[in-house]
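Trainee: predicted structure and sequence below. I'll ask about it afterward.
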Amino acid sequence: MKEWLQKLDREYGFQLTEAEMDRILNEVKAAEPLFQQLNAIDVRSKTPFVRLDIKGAKK
Amino acid sequence: MTESDLENLTIAESSARIKSGELSPVKLTDLFLQRIARLNPSLNAYTTVRADSAKAEAKIAEQQIRSGNYRSPLHGIPISIKDNLATIRVPTTGGSKILVDWKPDFDATVVAKLKEAGVIILGKTNMHEWALGGTTINPFFGTTRNPWDLARVPGGSSGGSATAVAAAMCLASIGTDSAGSVRNPAAMCGIVGLKPTYGRISCFGGVPGTGAYSTNHFGVLTRTVKDCALVLQEIAGYDPKDPLSATEPTDVYSAKIGQEIGHLKAGLIGSYYDKLMFGKVEQIFAAALKQLELLGMKTEQLSIPHMDATPAVHTVVSRAEIVSDHDHYLRTRARDYSPELLYRHIHALMFPAGSYVTAQRVRRLIAEEFERAFERVDVIITPVSIPAPKIEECGRGVTDVDGEKVSLRDARGSTWGLSTVPFNVTGHPAISVCCGFTSAEQPVGLQIVGRPFEESTVLQVAASYEQAAGWYRRKPRLGGIGR
């Protein structure tokens, strides 16, 4: 992860300090459960929700 | 009429008097400008006040009405606009240092429609930086204060709009809502905030990067539900300039206001929302449900099996979409973001691409679960948020709600956003209306959610509750400020 962040830092020219990198990496770590939660859901039969012209549900 | 009379004024009352010639738009605009001059140094609701332009617009409106050219119930009505909606030749900052000098050469479609309806635009309202947060503690334009307690935030990101309406510094405001940014500040300021169905209001002219493409909505903040319907009427509808706007026909949004709601059924999602009620909020919410039952509504617990995944879906989808809009400024002006927002964007750049698609597939699953739920009920009722935290509590990340310590954020985002983001994920119309006060005299919001494009039903239930409960009559005490 740190190498990836360093690559982004070079590409975008952020000039992040070590303390800033540590903070961002801590956020990355804290967010891991979000991705794990989504990856644990069975979506094999579901297409992505890419079109939002939703219609009213009929009673 | 005097400045203090503005506190009890609504659009519905004013427009009838303006139409008949009893109330002058010029006089009304002058009174609002006087009130803004008195309160804004303390509340910081407005970033730009268009005093001269507003006076000129009011004169034109008055002449038009006198000559028989009455345009709409908003003709001559003074309103405000959140500072991430393009307004021609007026600063439009998005709450960002980066855009501080930008004066658009065009109007957002919403602004153009409101001008066509004859409104008076008093100014632009303060907001959270890039609309990406819920406090309106803005490092560049200052903190907006909550009129119920100046030591507290108004919520956000449309915090300036909510404060302006609650403090009677305008009769309505237009905000944006990508995670609850209309409903949360409306709840925290004790007013009405509507996020209509996704695509119902054109988002053309919104500052790019101040809301995710698939979760952002423009919305309305007013003091009463009827006023909200009157504003929605003028700004709803398809816009060819916004490819994501909906082609569904508009409705007469005030048509059902005043009609009984005894035949309607409300769904509850206790498995999700019971964990989000702190302090007296649970008791306040229970009293609101009792009030709806007294009005004849039946309630039913609903099962939304993947409801707990809605915040994760929202976080992954919205942050990935938003960071795409910021790519240019991240490469050229990274240090003109607040550090917190810069780190957040950099983190979003590290999201795996596949996670966005997975989140959209889970989103489909959740949307289908809500579609089935809405076959059983007409509306869904939830609490909106935790009450407004103190400004100092936002820095510490913990607030006190009636003696209970509540963490203000975790990896999923802000605690108050957890109440509102599910309907940014699904796109359903949702309104917040005041349903009581905590022991610290802070307002609490009730969220009423409807089927897609059934804003009329949402407004009908909200208006019935509002009139029966009567919380809208309570006003913040601002008489001593600036005198």
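Mentor: Sure thing, it's come through. Residues are numbered from 1 along each chain as shown, chains lettered A, B, ... in the order given.

Trainee: close to chain A, is stretch B:281-297?
Mentor: No - on the criterion Cβ under 8 Å from any Cβ of the partner chain, stretch B:281-297 is out of touch with chain A, staying 15.9 Å away. Using the backbone N, CA and C atoms, a C-beta is placed for each residue, glycine as well.

Trainee: now that stretch: mean pLDDT?
Mentor: For stretch B:281-297, the mean pLDDT works out to 98.

Trainee: okay, buried residues for it please.
Mentor: B:281, B:284-285, B:288-289, B:291-292, B:295, B:297 (16 or more other Cβ atoms under 10 Å in any protein chain shown).

Trainee: what does that stretch contact?
Mentor: Applying Cβ atoms under 8 Å, 6 or more residues apart in numbering or on different chains, the external contacts of stretch B:281-297 come out as B:260-266, B:268, B:274, B:277, B:299, B:381, B:383, B:386-387, B:401-402, B:435-438, B:444, B:446, B:461, B:464-465, B:468-469.

Trainee: restricted to helices, list those.
Mentor: Counting by DSSP state H, the contacts of stretch B:281-297 place B:461, B:464-465, B:468-469 in helices.

Trainee: out of those residues, who has the most neighbours?
Mentor: B:Val461 (27 neighbours; other Cβ atoms under 10 Å in any protein chain shown).

Trainee: relative to B:Gln460, how far out is the closest residue to B:Ala373 other than its chain neighbours?
Mentor: Leaving aside its sequence neighbours, B:Ala373 sits nearest to B:Leu302 (Cβ to Cβ, 6 or more residues apart in numbering or on different chains; 4.7 Å). For B:Leu302, the distance to B:Gln460 (Cβ to Cβ, to the nearest Å) stands at 20 Å.

Trainee: please identify which of the two sits among more neighbours.
Mentor: Each of B:Leu302 and B:Gln460 has its neighbours counted (other Cβ under 10 Å); B:Gln460 has more, 27 against 21.

Trainee: where do the strands of chain A begin and end?
Mentor: For chain A, applying DSSP state E gives no strands.

Trainee: same question, the stretch 101-250 of chain B
Mentor: B:120-125, B:137-138, B:142-143, B:172-177, B:192-195, B:217-222 (DSSP state E, counting those that start in this stretch).

Trainee: how far off centre is the fifth one?
Mentor: Here strand B:192-195 is found 5 Å from its chain centre; the criterion is Cα atoms, centre = their mean, to the nearest Å.

Trainee: go on, the fourth one?
Mentor: On the basis of Cα atoms, centre = their mean, strand B:172-177 sits 5 Å off its chain's mean C-alpha point.

Trainee: also the last one?
Mentor: Averaged C-alpha coordinates place strand B:217-222 at 5 Å from its chain's average position (Cα atoms, centre = their mean).

Trainee: any residues touching it, and which ones?
Mentor: B:10-11, B:85, B:110, B:158, B:161-162, B:165, B:171-178, B:182-183, B:185-186, B:191-198, B:200-203, B:206, B:211, B:228, B:231-232, B:235, B:424, B:427.

Trainee: and it, average pLDDT?
Mentor: 98.

Trainee: could you tell me the angle between it and strand B:172-177?
Mentor: Here strand B:217-222 runs at 150 degrees with respect to strand B:172-177, directions being taken by axes from the mean of the first three to the mean of the last three Cα atoms, to 10 degrees.

Trainee: pull up the pairing partners for strand B:217-222, direction included.
Mentor: The strands beside strand B:217-222 in its sheet (DSSP bridges) come out as strand B:172-177 (antiparallel), strand B:192-195 (antiparallel).

Trainee: which outside residues touch the last one?
Mentor: Think strand B:192-195. Taking Cβ under 8 Å, 6+ apart as the rule, strand B:192-195 contacts B:158, B:162, B:175, B:177, B:180, B:182-187, B:217, B:219-225, B:227-228, B:232, B:420, B:423-424, B:429-434, B:445, B:455, B:458-459, B:462, B:466, B:472.

Trainee: swap the cut-off to 6 Å and go again
Mentor: B:177, B:182-183, B:186, B:217, B:219-222, B:225, B:228, B:430-433 (Cβ atoms under 6 Å, 6 or more residues apart in numbering or on different chains).
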